[in-house]
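> after the sequence you'll find the predicted model.
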Amino acid sequence: MKKLIAWLLSLIMLCSVCAPALAVNEDVEGELLIYTSMYPFVIEMMNEAIAREFPNLTPGADGSFFFYGGTSDLIDRIYGEMGPDRNKALNCDMFMVAEPAFSLELKEYGYLHSFEVEGAEDRLRFAYDKEGFWYPVRTLNMVLAYNPEMEETWASRGVRIPKTYKDFAFDTALKGKLSMSDPATSGTAYAAVCALMDTYGAEYLDGLHENGVMREKGSAAISKLQTGECACIMILEESILKYIADEKAKGHEVTNLKVIYPEDGVILIPSTVMIVAEEFSAHANTDAAEAVAQWLLTDEAQRLIMQGYMHSVLAGMAEIPEGSISTDELIKMDMGVNWVNAYQNRESILNLWREKVTR
């Protein structure tokens with residue numbers, strides 16, 4: 001009898017080993033769509049990972065769990081879906097847009113679903129909503145960049161490459177040689193302008209105007225750095241790091257593009273993940289949304305974030321995007337953004353930008 005019991009136990013253990021492994025989240029079902037401003041190549045990686053992690057979850061649009069758009073475009077889209085009275089359902093279930101001030105706005109409108117991330121106080125490097133309506137999920141870093149190959153040429157013309165945001169706006173030798181994104185169309189540029197106005201006052205906008213700062217997308221600005229049309233640009237770190245890595249993958253060493261971590265502070269933008277309240281969501285699937293949001297804060301998902309040249313929000317995560325510097329060091333250098341001010345005074349700040357810079 002003992003031999004028979006031992007044989008049966010061995011058979012059970014063998015069957016357990018041989019049985020196919022079940023996905024941890026195989027019980028997560030239904031449809032899900034996330035509005036995001038993450039770059040398409042990051043979305044592609046995330047799509048594949050979510051499909052593996054949640055095999056019974058259905059993408060909400062054209063085979064993708066994500067709908068891509070720039071932050072400002074997505075905010076306009078969301079406003080349109082809300083309707084003038086802010087009471088209509090949306091065509092998505094989650095948000096991962098770049099500008100955290102929008103999280104405060106959506107919470108106030110009652111459009112967000114609250115959920116708990118266990119141990120958030122210890123797990124996260126950045127602030128989160130204590131009521132659980134939003135959590136940081138990826139960290140963007142606004143910096144300056146220049147062309148090292150042109151530094152001596154610029155110096156011979158009396159132009160010194162700025163090492164601070166202050167000089168970027170107030171060193172008049174740089175007039176006509178600067179570029180940045182337009183905060184009226186870029187959420188990260190808007191965040192940067194809010195931080196710089198908090199630090200240097202509205203006069204910062206006057207300085208940008210007097211220096212004739214060009215307003216254009218990152219790819220155009222990078223090109224102008226390399227050709228010598230610009231001496232310095234304000235840009236997301238990830239744009240520079242990705243360009244350098246892409247060229248390296250082609251066998252090209254990039255020697256005419258380099259990040260400047262400004263001495264007066266970088267501007268970190270800890271972008272959030274939010275879940276749409278069930279009564280306003282496209283697929284009324286907050287259980288699935290919670291599961292995906294929790295997964296986004298795992299080591300696996302955060303490593304994908306870093307492969308997108310963004311920084312992890314997890315405390316103690318020593319890994320960094322290729323070509324960057326320590327996230328903890330960047331946090332020490334962070335100029336900071338007053339997100340409440342960025343939300344409550346959005347229209348007046350943008351109007352001031354238009355009046356002073358684009359006049």
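Happy to help now that I have it. Residues are numbered from 1 along each chain as shown.

> what packs against the longest strand along the chain?
In the chain, with assignment by DSSP state E, the single longest strand is strand 135-146. If contacts are counted by 3 or more CB pairs under 8 Å, 6 or more residues apart in numbering; DSSP states H and E, strand 135-146 sits against helix 187-200, helix 218-227, strand 232-236, helix 237-249, strand 258-260, strand 267-275, helix 286-296. Using the backbone N, CA and C atoms, a C-beta is placed for each residue, glycine as well.

> for the ones you listed, which one sits closest to M38?
Among the helices and strands packed on strand 135-146, the nearest to M38 by CB to CB is strand 267-275 (8.6 Å).

> let me see the mean pLDDT of that closest one.
Predicted confidence along strand 267-275 averages 97 (mean pLDDT).

> cool, stretch 146-155 as well?
Per-residue pLDDT over stretch 146-155 has a mean of 97.

> and the contacts of that stretch?
For stretch 146-155, contacts defined as CB atoms under 8 Å, 6 or more residues apart in numbering pick out 160-161, 177, 225-226, 228, 231-233, 255-258, 260.

> out of these, which are buried?
I161, K177, L225, Q226, A231, C232, I233, L257, K258, I260 (16 or more other CB atoms under 10 Å).

> okay, those residues in TSV with distance to G218 and pLDDT next?
Listed next are the buried ones among the contacts of stretch 146-155 as TSV, based on distance: CB to CB, whole Å; pLDDT from 0 to 100:
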residue	distance to G218	pLDDT
I161	18	98
K177	17	98
L225	10	96
Q226	13	96
A231	16	98
C232	14	98
I233	8	98
L257	12	97
K258	15	97
I260	15	98
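
> so can I have JSON lines of those showing distance to E26?
Compiled in JSON lines, the buried ones among the contacts of stretch 146-155 are given as follows (distance: CB to CB, whole Å):
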{"residue": "I161", "distance to E26": "54"}
{"residue": "K177", "distance to E26": "56"}
{"residue": "L225", "distance to E26": "48"}
{"residue": "Q226", "distance to E26": "49"}
{"residue": "A231", "distance to E26": "55"}
{"residue": "C232", "distance to E26": "51"}
{"residue": "I233", "distance to E26": "47"}
{"residue": "L257", "distance to E26": "45"}
{"residue": "K258", "distance to E26": "46"}
{"residue": "I260", "distance to E26": "47"}
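
> closest one of the residues you listed to E121?
E121 lies nearest to I260 out of these, by CB to CB, at 33.6 Å.

> how far away is the residue nearest to G323 when sequence neighbours are not counted from V137?
With CB to CB, 6 or more residues apart in numbering as the criterion, G323 has its nearest non-adjacent residue at 4.5 Å, and that residue is L241. Counting by CB to CB, to the nearest Å, the separation of L241 from V137 is 19 Å.

> tell me which stretches of the protein form strands.
Secondary structure of the chain (DSSP E): strands at 30-32, 34-36, 57-59, 66-68, 94-96, 135-146, 178-180, 214-215, 232-236, 258-260, 267-275.

> sheet-wise, list the partners of the first one with their directions.
Strands that pair with strand 30-32, judged by DSSP bridges, come out as strand 57-59 (parallel).

> of all the helices and strands packed on strand 135-146, which one is nearest G323?
Closest among the helices and strands packed on strand 135-146, using CB to CB: helix 237-249, at 4.5 Å.

> buried residues in the closest one?
Applying 16+ other CB under 10 Å to helix 237-249 flags E237, E238, S239, I240, L241, K242, Y243, I244 as buried.

> give me every residue that touches the last one.
Contact criterion CB under 8 Å, 6+ apart gives V254, L257, G323 as the residues in contact with I244.

> rerun at 10 Å
Counting by CB atoms under 10 Å, 6 or more residues apart in numbering, I244 makes contact with H252, E253, V254, T255, L257, K258, V259, Y309, E322, G323.

> do you know how far the fourth one is from E118?
Put plainly, it is T255. 47 Å.

> excluding chain neighbours, what is closest to C194?
Once flanking residues are discounted, C194 sits nearest to A342: 4.4 Å by CB to CB, 6+ apart.

> double-check the one you found against A189; I have them as touching.
No. If you go by CB atoms under 10 Å, A342 and A189 don't touch, sitting 12.0 Å apart.

> of the helices and strands packed on strand 135-146, which is nearest F54?
The closest of the helices and strands packed on strand 135-146 to F54 is helix 286-296. By CB to CB, the value is 6.9 Å.

> list the buried residues of that closest one.
Within helix 286-296, the residues scored as buried using 16+ other CB under 10 Å are T286, A288, A289, E290, A291, V292, A293, Q294, W295, L296.

> OK, contacts around the fifth one?
With contact set as CB under 10 Å, 6+ apart, A291 has these partners: V24, N25, D27, V28, L32, I50, E53, F54, L57, F115, N285.

> switch the cut-off to 8 Å
Counting by CB under 8 Å, 6+ apart, A291 touches N25, V28, F54.

> out of those residues, which one sits closest to L205?
Among the contacts of A291, and counting by CB to CB, the member closest to L205 is F54, at 45.4 Å.

> contacting residues for that closest one?
Shown in contact with F54 (CB under 8 Å, 6+ apart): A23, N25, E26, V28, A288, A291, V292, W295.

> counting neighbours, what do you get for the second one?
When neighbours are counted by other CB atoms under 10 Å, N25 registers 19.

> how far away is the residue nearest to it when sequence neighbours are not counted from Y343?
Leaving aside its chain neighbours, N25 sits nearest to F54 (4.8 Å; criterion: CB to CB, 6+ apart). F54 sits 32 Å away from Y343, taking CB to CB as the criterion.
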